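Undergrad: Kindly generate the corresponding structure for this input.
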Amino acid sequence: MISAQVRPAISAQVRPAISAEVRPVGDILRNALAGEGVPLRLPTYQRPYKWSVKSARTLLDDLLDASERGGEYRIGSVILHENVSEGTLDIVDGQQRIVTLAIIALALGMSEEERKAAEVLEFGASDTVSPARIRENFRAIAERLRSVSEEERKRLRWLIQSCEGDARPDGDACATVVVICVKELSAAFRLFDSQNSRGKKVSPPALLKAYHLRAMSGTEEKEPRDRVVKKWEGVSPRKIDSLFEDRLYPVLLWTRKEHVRRFTEKDIDEFKGYEEGCAYPCAGRAAAASPHYFLMTEPFRAGADFFAFTEKYLDLREKAESKAESAAREVIKECIRECERMERATSAENGDDADKTADKVSSLEARLFDGKGSAGLGHALGIFYSAVMCYLDKFGETDLTAVAGKLFKWAMIPRISKQRLSAASVNKYVTETGVNVFALTAGARLHSEVRDVVTEIPDDKDITGSLAEEERKPLAALLRFMSEGNVCGECAVLDGGEM
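TA: As a prediction, the model looks like this:
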């Protein structure tokens, strides 16, 4: 239960390196809204306020139920960093709940509600996402509270606004929170990803953002930090998450001949880079590479370079996929024209066969690039895009058309061979079967080492089962055309011809 000792809002009393205590939610709100005690602050490494209307209403309904039941109602935990140099308590984890509780408190009809509502709209709302979401949730909560009786509002107000030492009528509920105060920011960061309650789970790239902003805090002025945060928040979180999960992390592991697994918070060390002052000679090389000569598979300096690294590879991914798709679409069109030529030049029987092949190759284009193909084809396309991105990163656009053709053939082989191509099958193909083009590209001195890769295409008679006629045989015909200029006959090993 809560201690009966009378205390002001959260204070700067002497604490151990890490302390945890149960405090009334009212103490937190008093710091946040009234500025009593040590002011709460949202540091720049925090993500925007993103709770949906649904999440905010759910918390409000839970609070209303708790106020009716009476007793203590525990609302998870918050982590605060005692920032002695700036005289603040920085919210490391719990922002979403704290801001939502503040919105509810304001919507309950506190004095000078509009002025205080304006204050909460500024509370940690330096990005472009938070103010709009706060206003949206404020309106939704105010609307919900209009259907609540005055007695219910009174109980709810007491639940979230009563503080330590307040005289509490028998049976009235009090909302509490576990407040974890941490003196060292590094220790606070280690707790950052393990204390999530309602709301969105922190993604690995968001944890990396927090880590590298912290790394900037000792060497950079506030303005550069604000710039990188604004630029980061201007990109869709899904786009950033996909960059790391679908491209950067897989390429890194495949280059080391390791099987790829899902990118989680346990793997973020791969992208932490070298800290400021690291004495390793390789750290000096990483500093020299910044920002124009990054490589996907090489470490960088912690801090601002992480954001430059992410920006570079967001752009390179878009460029690689655009150029790879254009090259593949062009060769598909050439293959279709060849099939149609064969129909005109041969007998009616052979022409029918050629025409059917043309139709199937034509439908293959939609399967590849319009999202109409199998999951296995999607896996194959993913390693094609990743391989082209890896090549562009190392060698630029040197002989890119020829190389893209070779990488396309290499990436599509497992889809032809396997009735069902899974992520596990892709891992095995890349790391254990034939040529690992990621390791080859990383170790190559000349681009021709990648361009001259040899690829084996299965014979048609070995292509049976699931999607053989609709997807896998037309794909084999396309690869034969890329190698020999025709879609017929048997072809075992390609001789290094260009697209």
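
Undergrad: How are the strands of the stretch 1-150 of the chain distributed by residue range?
TA: For the stretch 1-150 of the chain, applying DSSP state E, counting those that start in this stretch gives strands covering 18-24, 40-41, 72-83, 88-93.

Undergrad: Was I right to think V178 contacts G76?
TA: Yes - between V178 and G76 there is a contact at 7.1 Å, judged by C-beta atoms under 8 Å. (C-beta placed from N, C-alpha, C; glycine too.)

Undergrad: hmm, back to that, mean pLDDT for the strands of the stretch 1-150 of the chain: which is lowest?
TA: Sorting those by mean pLDDT places strand 40-41 lowest, at a mean of 78.

Undergrad: what's the distance between that strand and the middle of its chain?
TA: Chain-centre distance of strand 40-41: 26 Å, with C-alpha atoms, centre = their mean, to the nearest Å.

Undergrad: That strand - contacts with which helices or strands?
TA: strand 88-93 (3 or more C-beta pairs under 8 Å, 6 or more residues apart in numbering; DSSP states H and E).

Undergrad: Kindly recompute the last result at 10 Å.
TA: strand 72-83, strand 88-93, helix 95-107 (3 or more C-beta pairs under 10 Å, 6 or more residues apart in numbering; DSSP states H and E).

Undergrad: Can you pull the poorly scored residue ranges out of the stretch 1-150 of the chain?
TA: Within the stretch 1-150 of the chain, the ranges that satisfy pLDDT under 70 run 1-17, 31-37, 44-45, 110-129.

Undergrad: rerun at 50
TA: 1-14, 33-35, 111-118, 120-122, 124-125, 128 (pLDDT under 50).

Undergrad: ok, C174 touching R157?
TA: No - counting by C-beta atoms under 10 Å, C174 stays clear of R157, with 11.7 Å between them.

Undergrad: Now stretch 453-471: average pLDDT?
TA: On average, stretch 453-471 scores 79.

Undergrad: Tell me the gap between it and the middle of its chain.
TA: Offset of stretch 453-471 from its chain centre (C-alpha atoms, centre = their mean): 35 Å.

Undergrad: How about it, which residues are buried there?
TA: For stretch 453-471, burial by neighbour count (16 or more other C-beta atoms under 10 Å) applies to V453, T455, I457, P458, D460, I463, L467, A468, E471.

Undergrad: In a markdown table: the strands of the stretch 1-150 of the chain, plus distance to K418.
TA: Listed next are the strands of the stretch 1-150 of the chain as a markdown table, based on distance: least, C-beta to C-beta, whole Å:
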| stretch | distance to K418 |
| --- | --- |
| strand 18-24 | 51 |
| strand 40-41 | 54 |
| strand 72-83 | 46 |
| strand 88-93 | 43 |
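
Undergrad: Select, out of those, the one closest to I240.
TA: strand 88-93 (20.0 Å; C-beta to C-beta).

Undergrad: between C174 and R157, which one's more packed in?
TA: Remark: of C174 and R157, C174 carries more neighbours, 24 against 17, as counted by other C-beta atoms under 10 Å.

Undergrad: thought E397 was touching V403?
TA: Yes - contact criterion C-beta under 10 Å: E397 and V403 qualify, at 9.3 Å.

Undergrad: neighbour count winner among the two?
TA: Using other C-beta under 10 Å, the more surrounded residue of E397 and V403 is V403, with 27 against 13.

Undergrad: Could you find the closest non-adjacent residue to V178?
TA: S77 (3.8 Å; C-beta to C-beta, 6 or more residues apart in numbering).

Undergrad: Now render the helices and strands packed on strand 40-41 as a markdown table, adding mean neighbour count.
TA: Output for the helices and strands packed on strand 40-41, formatted as a markdown table (neighbours: other C-beta atoms under 10 Å):
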| stretch | mean neighbour count |
| --- | --- |
| strand 72-83 | 20 |
| strand 88-93 | 23 |
| helix 95-107 | 25 |
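
Undergrad: can you tell me which of those comes nearest to F244?
TA: Closest of the helices and strands packed on strand 40-41 to F244 is strand 88-93, at 21.1 Å (criterion: C-beta to C-beta).

Undergrad: what's the closest of the strands of the stretch 1-150 of the chain to A279?
TA: Across those, closest to A279 is strand 72-83 (C-beta to C-beta), at 27.9 Å.

Undergrad: for the stretch 301-450 of the chain, what spans make up the helices?
TA: 304-345, 348-369, 375-395, 400-417, 423-432, 437-443, 448-451 (DSSP state H, counting those that start in this stretch).

Undergrad: same for the last one, what does it pack against?
TA: Here helix 448-451 is seen to pack against helix 375-395, helix 400-417, helix 437-443 when contacts are counted using 3+ C-beta pairs under 10 Å, 6+ apart.

Undergrad: Name the stretch among those helices that sits most buried.
TA: Burial of those is given as mean neighbour count (mean count of other C-beta atoms under 10 Å); helix 400-417 ranks first at a mean of 23.

Undergrad: how much space between the residue nearest to V178 and G71?
TA: 19 Å (C-beta to C-beta, to the nearest Å).

Undergrad: Equivalent analysis for E151, please.
TA: 18 Å.

Undergrad: One more: I18?
TA: Counting by C-beta to C-beta, the gap from I18 to G71 is 28 Å.

Undergrad: which of these two has more neighbours?
TA: I18 (14 against 10).

Undergrad: Please name the bridge partners of that one.
TA: Note on I18: beta-bridge partners by DSSP bridges are V182.

Undergrad: Can you check what angle separates the strand or helix carrying A476 from helix 375-395?
TA: Assessed by DSSP states H and E, A476 sits inside helix 473-484. Between helix 473-484 and helix 375-395, the angle comes out at 30 degrees (axes from the mean of the first three to the mean of the last three C-alpha atoms, to 10 degrees).

Undergrad: List the buried residues for helix 473-484?
TA: K473, P474, L475, A476, A477, L478, L479, R480, F481, M482, S483.

Undergrad: Among those, which one sits closest to I413?
TA: L479 (7.8 Å).

Undergrad: Among the helices of the stretch 301-450 of the chain, which comes closest to G273?
TA: Once the helices of the stretch 301-450 of the chain are compared by C-beta to C-beta, helix 304-345 is nearest, at 6.2 Å.
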